[in-house]
Structures are given as C-alpha cells and as structure tokens.
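**Q** Here is a sequence with its predicted model. Questions after.
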Amino acid sequence: MTGTGSTSQRPQRTQETTDTGVEAPPAPSAVERANRLSAANMIRSLLPLLVICLLLVAWQAFRTDEGDPVREIDPSTTVRLAEQRAGYAVPAPSGLPEDYRPTSARTDAGFAEDGDPVTLEIGFVTPSQEFAGFAVSDDPRADPLRAVLEDATEEGAVEIGGQTWTRSTTDRGETAFSREADGVVVVVSGSASDDELRTVAAAVR
C-alpha cells in the first residue's frame, strides 16, 4: 500500500501571483527571447568584430606597402622551352648582377611546330627601378620586335660585349639596342638608362 501523503503526489503547477494578488506573466520562452533580438542588437554585437577585421586589413596593407613590390621570377623554364622548340640557338641574358631582377618571361614555343618561328621575351627591373626588356626571334615581323623597332630611328652602330649592335630611339623616346645574325633578331630596350640597357645587352649569350 502506497502512501497518499503530499510527498507522493506530483506538485501542481500554479500560476504565480504578485504580492498584490495579480497574476504574474509566465516566464518568456526561448523563442520569445530570440524574437526580441533586433537588427540593431545584432549590429551592435558585430561591430567590434568588424572593427578588428578592418584593423587587420589595414595592418596587412601597411606591411605590403613597406615591402618590396617587385615579384622576381625564374625565367629558366621558359628559356629551356624556347631552346627545345626553336630552329636556332636561342640567346638570352645570363650572369647579370643580382640587382637586375627578372619579372616576366614568355615564349610562343609551346604552340610551335617543327619549322615554326619561336620568340622569347624576358623583362627585368634594373637597379634604378626601371624596365629593361629582352626579345629574340627568328621572325623579323614578330610583335615584340615590331613594337620596338617598327617606328624607331636608327642612330648608328655601337660595340657592346664584343658584338656590334644598332642603337635606335623608339617612338616612345626610349633607347633600343638591336642586332641581327642569320635571320635571328635580338632587341634590348626599355625605360632604363643606356648604361643599364648596355649591361643587359652585354649579358646576352
């Protein structure tokens, strides 16, 4: 026989009342509390995180500005591809001082078939932070050659690195050194000074 006292019965939930006898409203549920979270509250909550993100972005941008913007590349793979596909011994600058930094290299050799002309280009940033471009092709009408020489004014022959080059002034007022042998044209040009362009030309092997 079980007891019938108050301890054996589940207590009945009753509506709470205030001291004045007025029934108190029930405690808000989780859904009701979530609905009370307004857009303004969400913005206030996210604002500190947004400020931190902006500070991190600004700090990273400041570090980038302080660093060296020049992205140096290794042109050797591009040079090897041109050498493998070209029908001529492909010359290229080598042994340049470390402050002549290659920043671009491209060739059309990847699409060349046997007998097709092959063009190679390499771009350098010089010690004075100017540009020196090298181009070689067995197609005298190749775009990199035409872009430099087509409207250039020849100014005579010069000796560079034991080779005879033609000095010209391009239509942009830049110096260009060029030479041709056995149908292969080599050009060194850019915004760099004559001395820096001569250094690149002298390194062409």
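**A** Now that the structure is in, tell me what you want to look at.
**Q** Could you use CA atoms for every contact and neighbour count after this?
**A** Noted.
**Q** V188 and A176 touch, don't they?
**A** Yes. Using Cα atoms under 8 Å, V188 is in contact with A176, at 5.7 Å.
**Q** Need the residue closest to the centroid of the chain.
**A** Nearest residue to the geometric centre of the chain (Cα atoms, centre = their mean): R71, 7.5 Å.
**Q** Surely it and G123 touch.
**A** No. Using Cα under 8 Å, R71 is not in contact with G123; the gap is 11.6 Å.
**Q** Pull up the overlap in contacts between those two.
**A** T103 (Cα atoms under 8 Å, 6 or more residues apart in numbering).
**Q** Contacts only, for the residue nearest to the centre of the chain.
**A** T103.
**Q** Give the phi and psi angles for it, as a check.
**A** R71 has phi and psi values of phi -100, psi 100 when expressed as degrees, to the nearest 10.
**Q** can you check V79 too?
**A** According to degrees, to the nearest 10, V79 has phi -60, psi -40.
**Q** try L197
**A** Here is the backbone geometry of L197 (degrees, to the nearest 10): phi -70, psi -40.
**Q** That one: what's it in contact with?
**A** Counting by Cα under 8 Å, 6+ apart, L197 has contacts A132, A176, F177, V188, S189, G190.
**Q** Could I get the pLDDT score of the fourth one?
**A** Per-residue confidence for V188 comes out at a pLDDT of 98.
**Q** Leaving aside the residues adjacent along the chain, what's closest to it?
**A** Spatial nearest neighbour of V188, chain neighbours left out: F134 (4.6 Å); criterion: Cα to Cα, 6 or more residues apart in numbering.
**Q** For burial, what's the neighbour tally of that neighbour?
**A** Neighbour count of F134, defined by other Cα atoms under 10 Å: 26.
**Q** what helices or strands is the helix or strand hosting it leaning on?
**A** Here F134, judged by DSSP states H and E, is contained in strand 131-137. Helices and strands touching strand 131-137, by 3 or more Cα pairs under 8 Å, 6 or more residues apart in numbering; DSSP states H and E, are strand 119-125, helix 143-149, strand 184-190, helix 194-202.
**Q** I'd like the ones you listed written out as a markdown table, with distance to T103 added.
**A** Shown next, in a markdown table, are these (distance: least, Cα to Cα, whole Å):
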| stretch | distance to T103 |
| --- | --- |
| strand 119-125 | 6 |
| helix 143-149 | 16 |
| strand 184-190 | 14 |
| helix 194-202 | 14 |
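**Q** Nearest to Q163, out of the ones you listed?
**A** helix 194-202 (8.2 Å; Cα to Cα).
**Q** residue ranges of the helices in this structure, please?
**A** 30-35, 39-66, 76-85, 143-149, 194-202 (DSSP state H).
**Q** Now render those helices as JSON lines, adding mean pLDDT and distance to E159.
**A** Output for those, formatted as JSON lines (pLDDT from 0 to 100; distance: least, Cα to Cα, whole Å):
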{"stretch": "helix 30-35", "mean pLDDT": "57", "distance to E159": "83"}
{"stretch": "helix 39-66", "mean pLDDT": "72", "distance to E159": "40"}
{"stretch": "helix 76-85", "mean pLDDT": "97", "distance to E159": "25"}
{"stretch": "helix 143-149", "mean pLDDT": "97", "distance to E159": "19"}
{"stretch": "helix 194-202", "mean pLDDT": "98", "distance to E159": "9"}
